[in-house]
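[1] Coordinates for the following, if possible.
(chains A and B)
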Amino acid sequence: EPEVTQTPSHQVTQMGQEVILRCVPISNHLYFYWYRQILGQKVEFLVSFYNNEISEKSEIFDDQFSVERPDGSNFTLKIRSTKLEDSAMYFCASSESGQRGGYTFGSGTRLTVV
Amino acid sequence: AQTVTQSQPEMSVQEAETVTLSCTYDTSESDYYLFWYKQPPSRQMILVIRQEAYKQQNATENRFSVNFQKAAKSFSLKISDSQLGDAAMYFCAYRSWFLAGSRLTFGEGTQLTVNP
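    The predicted structure follows:
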C-alpha cells in the first residue's frame, strides 16, 4: 500500500536554528498538508498546498514557516528560526483529490528544540 | 468555523467487550466528512473509519462502526470485541465537503485503555 514518507523521524535542534522537515507524498496525490501535534495536545492544521502554491494556512503558520515542493516528489516544511514552543510532532499528509475523503498521513517527525 | 469536541479524555474497556467513544461537532455546512483516527504510542495517524454526511447509513469497518446523528451533530465510534491492539488515542475529525483541499479539524482525543 502506498505510503507517505517523512524524514527524519526525530530531529533535535538548537533554538534559533533553521530546520527543514521532509516528506515524500504518495505519487499520484495532488494535495499536500502539514499538521503539528504538541505533546499531549490535539492535532493542528498548519498549511495545505496544491498546484505549487499554498491553498490554505492557519494562524499558526506565520512568517517563520514556509513550504516548498522543490522537485516532483518532495514536499518540505522549513522553520526559519526555531523556538522552544516549536517542539512538536509534525505530520505530513497527502490526498488524491481535495474532495474525496480522508488523507494518508506520514509517520511524523518529532522535533525537539533545546 | 467548525469545531469538534470529544468530552471523554480517557476510556477503558475489558478485552472482548464493547466500548463507545463520543464526538460532537459544530458546523453550518450541510455536507461534510467525519473521521475517526487512531494514534498508537508510535504516534502515527491511522484512519479507522469515515462517514459522508449525505449518507444516512452508518459506516462500518469490521469491528468498528459509527453512530452518526446528523441533526444532533453527533458521531460516536463503537469498537466491538475490543482487542489489546485497540489501545490508543482516538481522534474524531471533520472536513468540509465543498472546499477542495480543506483542512481536517480534530477533537482533543480520547485515550482508550484495553484491560486484559
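[2] contacting residues around residue A:73?
    Residue A:73 makes contacts with A:24, A:25, A:27, as judged by Cβ atoms under 8 Å, 6 or more residues apart in numbering or on different chains. In this view, the C-beta of every residue, glycine as well, is placed from N, C-alpha and C.
[3] tell me the contacts of the residue nearest the centre of chain A?
    In chain A, the C-alpha nearest the mean C-alpha coordinate belongs to residue A:34, at 3.2 Å (Cα atoms, centre = their mean). By Cβ under 8 Å, 6+ apart, the contact list for residue A:34 reads A:21, A:23, A:46, A:47, A:67, A:77, A:90, A:91, A:92, A:93.
[4] And it, which helix or strand is it part of?
    Element membership of residue A:34, judged by DSSP states H and E, is strand A:31-37.
[5] is it possible to export the contacts of residue A:73 to a markdown table including secondary structure, neighbour count and pLDDT?
    Output for the contacts of residue A:73, formatted as a markdown table (DSSP: H, G, I helix; E, B strand; the rest coil; neighbours: other Cβ atoms under 10 Å in any protein chain shown; pLDDT from 0 to 100):
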| residue | secondary structure | neighbour count | pLDDT |
| --- | --- | --- | --- |
| A:24 | strand | 16 | 96 |
| A:25 | coil | 27 | 94 |
| A:27 | coil | 9 | 87 |
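[6] what's residue A:108 in contact with, if anything?
    A:6, A:9, A:37, A:89, A:90, A:91, B:43, B:44, B:45.
[7] how near is the residue nearest to the centre of chain A to residue B:40?
    Applying Cβ to Cβ, to the nearest Å, the value for residue A:34 to residue B:40 is 21 Å.
[8] Repeat that for residue B:91.
    12 Å.
[9] outside of the strand or helix carrying residue B:34, which residues touch it?
    Using DSSP H and E, residue B:34 sits in strand B:32-39. Identification of contacts with strand B:32-39 by Cβ under 8 Å, 6+ apart yields A:101-102, A:105, B:2, B:21, B:23, B:25, B:45-53, B:64, B:66, B:68, B:75, B:77, B:86, B:88-97, B:104, B:106, B:109.
[10] more crowded one of residue B:91 and residue B:40?
    Ranked by neighbour count (other Cβ atoms under 10 Å in any protein chain shown), residue B:91 and residue B:40 place residue B:91 first, with 25 against 13.
[11] For that one, which residues are in contact?
    Taking Cβ under 8 Å, 6+ apart, we find residue B:91 in contact with A:42, A:43, B:6, B:36, B:37, B:38, B:39, B:45, B:106, B:107, B:109.
[12] Good, wrapping up.
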